[in-house]
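J.: have a look at this fold, sequence not included:
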């Protein structure tokens, strides 16, 4: 496409973009961007405190409060950890999934949300296959909504648990974060960035703590414009060059369910982007290896790396429960806190 | 034998080169006389409207609206849509054929034009270019034209196949109809719900590239070039990208009959206005980049754009209260086009008011061959809009005449308030103030 022949640009004033009304509810967690660093610090501290607390005391915090899990996509880690987290605080949970509910009969997200609210749900944890679904649910119900993954968009609790995992290894003991906490740290996110909500939430959170985020992957899965998603983000197509710069390597699964007809040569992909033991030893022998799961052994990483000493994959899963306890607690207590916006 | 006098207003009729205080006598649906204030010769006994301090102009003409009838009266009817048109100052609207069923027959075209539809202003049906708008078999254009169709289009969908589009252009040219193309290469926009760019990446939505529009415009221009001798007329609907406008610009320089329209949302908004999944900012073509928006403004200011058209596309509230990807495309626009054009094109970007009005009346009327409309010379249709050009007001989608409310301009400040809209000599809208 040739550049367009537009005459000399006039200086123009335009209609403004309206400020976002979201989140409506102070207990909501829709985007990693919605949290101030102070709130991130608070959630990290609460995660640790709740994890260490006597379970019999802890279960009084949200005793008999009602939390609904609304899942339009299958999930193992996220669903189970949210459920265990809510239950650990004493809340009653109920799971509504798209395959065993009126959603199958054509009920809309709005109506399902209003129904859950009428049933007494005080917060809704939503996993949905459409980007932005959590914003729709929040604006229609005005309940605290926890975004447990919306389409290709965001997965903020994953970014928080990834951060907790990184801090434990790189900044042990640190829970109060600032704009310099991760200064000098490079985090490479590798693979199917285009379809990844985990990548987007991490890209929005980590640079605010001073980290540099390197995105790595083939053009089909990592468009050039990803680098414009925010400050502190760059693209490095050469996996080994990215590894050499990284203190943290976050491997992503190729999301076959979202490829939408895209043809990808998996053998070629493995040659260029698979994290093997040899590659890790040669280029990033001290880096922390993360993966949000589910992992496909033998594709984006080898079994040896997944089970190896640099892998913190199961630690991430454990951190998920702690972080989600803090997030569920915030959801139900924020509205009654002094600082609430409700 | 009805007669109506509009007294003391400032008449702006760009096509006739009139810009001054005039009284106008409307009689039997036509303009009967125009004279300096108080000088009308034959106004005795006629009912009169006092337009002192107001602007009087040819009724506005929108060549791109969706009235949803037949088939989707819950979104809009011909009566409610033309009611919205009258409230917005429009006296003629060209209705796209993507109704249910598709308007691909003389029978449906006549049904739309029947008095029982209760149209408040004149409706000009645009017939489907191909059977069922499926892009394959060409309709009977001669029959459609005699039933009242003013152009052919598969709007909502493109005519993709080269051979079919060539045949559509040639067949339409034979009967003197324009071809309006919805330029979107749907082979590369599957599953996309907004403009492709940093914003779509950030929001995790699949994007439509600018090329998906411009490549089809360029293809169509090639076909028009090949058919140069037939006088084929290609009109590019809702142009939204700098590249497509550049292609139209080039075609025009080489003397081809290629015209284009731009919708207010495409010269005012960008993909940033999608915000956090505002489904009232979802339409097709989508809101584009700031550079594309600037190119629309430039092209309007320097005269490449032939018409402002709203692409008025009503949808029920419940249809838009869904996940962004699942929401239907389109926004309403009839009641905001004049207010936005005067507020931004005229007041902010200094386009003379006569040129704004021309883009909203004389030029679109000429483009689709609506004889006697878009101007107020003696003998023309008595299609008139009378408005207060200085009045600022706030648009509330809920208070509108359209059955639907899907507008991104809800709560926006408008400039220029319609006082009366007169359709063929009859007051179709009266603000009552």
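T.: Structure's in. What do you need? Fair warning: this is a prediction, and the values are worked out from it, not measured in the lab. Residues are numbered from 1 along each chain as shown, chains lettered A, B, ... in the order given.

J.: can we go C-alpha only for contacts and neighbour counts from here?
T.: Noted.

J.: the stretch 51-200 of chain B against chain A: which residues are in contact?
T.: B:197, B:198, B:199 (CA under 8 Å from any CA of the partner chain).

J.: got the contact list for the first one?
T.: It refers to residue B:197. Counting by CA atoms under 8 Å, 6 or more residues apart in numbering or on different chains, residue B:197 touches A:225, B:207, B:209, B:289.

J.: dump these into CSV; add distance to residue B:105 and pLDDT as well.
T.: Output for the contacts of residue B:197, formatted as CSV (distance: CA to CA, whole Å; pLDDT from 0 to 100):
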residue, distance to residue B:105, pLDDT
A:225, 46, 94
B:207, 35, 97
B:209, 34, 98
B:289, 38, 98
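
J.: of those residues, grab the buried ones for ChimeraX.
T.: Paste this into ChimeraX to select the buried members of these, with burial taken from 16 or more other CA atoms under 10 Å in any protein chain shown:
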select /B:207,209,289
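
J.: where does the stretch 51-200 of chain A get nearest to chain B, residue-wise?
T.: residue A:153 (4.2 Å; CA to the nearest CA).

J.: quick one, phi/psi of that residue?
T.: phi -90, psi -70 (degrees, to the nearest 10).

J.: kindly list the main-chain dihedrals of the closest residue to residue A:254 other than its chain neighbours?
T.: The shortest distance from residue A:254 to any non-neighbouring residue, by CA to CA, 6 or more residues apart in numbering or on different chains, is to residue A:192 (5.2 Å). Here is the backbone geometry of residue A:192 (degrees, to the nearest 10): phi -80, psi 80.

J.: these two touch, right, residue A:192 and residue A:258?
T.: No: counting by CA atoms under 8 Å, residue A:192 stays clear of residue A:258, with 10.2 Å between them.

J.: between those two, which is the more surrounded one?
T.: residue A:192 (24 against 14; other CA atoms under 10 Å in any protein chain shown).

J.: quick one on the thing from earlier: what's the neighbour count on the residue of the stretch 51-200 of chain A closest to chain B?
T.: 27.

J.: got the contact list for it?
T.: Contacts of residue A:153 (CA under 8 Å, 6+ apart): A:131, A:132, A:195, A:196, A:197, A:200, A:201, B:202, B:203, B:204, B:205.

J.: looking at the fourth one now. What's its pLDDT?
T.: Read that as residue A:196. Listed pLDDT for residue A:196 reads 97.

J.: okay if I get the contacts of residue B:197 as a markdown table plus secondary structure and distance to residue A:264?
T.: Shown next, in a markdown table, are these (DSSP: H, G, I helix; E, B strand; the rest coil; distance: CA to CA, whole Å):
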| residue | secondary structure | distance to residue A:264 |
| --- | --- | --- |
| A:225 | helix | 20 |
| B:207 | strand | 20 |
| B:209 | coil | 21 |
| B:289 | coil | 29 |
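
J.: show me which of the contacts of residue B:197 is closest to residue B:35.
T.: residue B:289 (47.7 Å; CA to CA).

J.: how about the closest one: what's its closest non-neighbour residue?
T.: Per CA to CA, 6+ apart, closest to residue B:289 is residue B:270, 5.4 Å.

J.: can you tell me which residues contact the one you found?
T.: Residue B:270 neighbours (CA under 8 Å, 6+ apart): B:287, B:288, B:289, B:290, B:293.

J.: please repeat the previous calculation with a cut-off of 6 Å.
T.: B:287, B:288, B:289, B:290 (CA atoms under 6 Å, 6 or more residues apart in numbering or on different chains).

J.: next one: it, what pLDDT does it get?
T.: At residue B:270, pLDDT is 98.

J.: gap between it and residue A:117?
T.: 35 Å (CA to CA, to the nearest Å).

J.: and for residue B:236?
T.: Counting by CA to CA, the gap from residue B:236 to residue A:117 is 48 Å.

J.: ok, back up a step: do I have it right that the residue nearest to residue A:254 meets residue A:221?
T.: Yes: if you go by CA atoms under 6 Å, residue A:192 and residue A:221 touch, sitting 4.9 Å apart.

J.: wait, a strand at residue B:315?
T.: No: assigned with DSSP: H, G, I helix; E, B strand; the rest coil, residue B:315 falls outside any strand and is coil.

J.: next, count neighbours for it.
T.: 25.

J.: in the lengthiest helix in chain B, what's buried?
T.: In terms of residue count, the longest helix belonging to chain B (DSSP state H) is helix B:211-226. Buried residues in helix B:211-226, counted by 16+ other CA under 10 Å: B:211-221, B:223-225.

J.: what is the nearest of those to chain A?
T.: residue B:211 (7.9 Å).

J.: in chain B, what residue lies closest to chain A?
T.: residue B:204 (4.2 Å).

J.: show me what contacts that residue?
T.: A:131, A:152, A:153.

J.: and which of those is nearest residue B:5?
T.: Using CA to CA, residue A:131 comes nearest to residue B:5 of these, at 56.6 Å.

J.: about what we covered before: could you export the contacts of residue B:197 as a markdown table, including distance to residue A:293?
T.: Formatted as a markdown table, these follow (distance: CA to CA, whole Å):
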| residue | distance to residue A:293 |
| --- | --- |
| A:225 | 25 |
| B:207 | 27 |
| B:209 | 32 |
| B:289 | 35 |
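
J.: between the contacts of residue B:197, which is nearest residue A:147?
T.: residue B:207 (22.6 Å).

J.: that closest one against residue B:194, yeah?
T.: Yes: counting by CA under 6 Å, residue B:207 does reach residue B:194; the two are 5.1 Å apart.

J.: so residue A:215 sits in a helix?
T.: No: under three-state DSSP, residue A:215 sits outside any helix and is assigned strand.

J.: I'd like the mean pLDDT over the lengthiest helix in chain A, please.
T.: Counting by DSSP H, the longest helix found in chain A is helix A:313-333. The average pLDDT for helix A:313-333 rounds to 98.

J.: what is that helix packed up against?
T.: For helix A:313-333, the contact count by 3 or more CA pairs under 6 Å, 6 or more residues apart in numbering or on different chains; DSSP states H and E identifies helix A:37-52, helix A:77-88, helix A:156-170 as packing neighbours.

J.: what residues does that helix touch?
T.: A:27-28, A:43, A:46-47, A:51, A:81-82, A:85, A:144, A:161, A:165, A:290-291.

J.: again with stretch B:296-307
T.: By CA under 6 Å, 6+ apart, stretch B:296-307 touches B:260, B:261, B:267, B:359, B:364.

J.: adding pLDDT, write those residues out as JSON lines.
T.: Below are the contacts of stretch B:296-307 laid out as JSON lines (pLDDT from 0 to 100):
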{"residue": "B:260", "pLDDT": "98"}
{"residue": "B:261", "pLDDT": "98"}
{"residue": "B:267", "pLDDT": "98"}
{"residue": "B:359", "pLDDT": "98"}
{"residue": "B:364", "pLDDT": "98"}
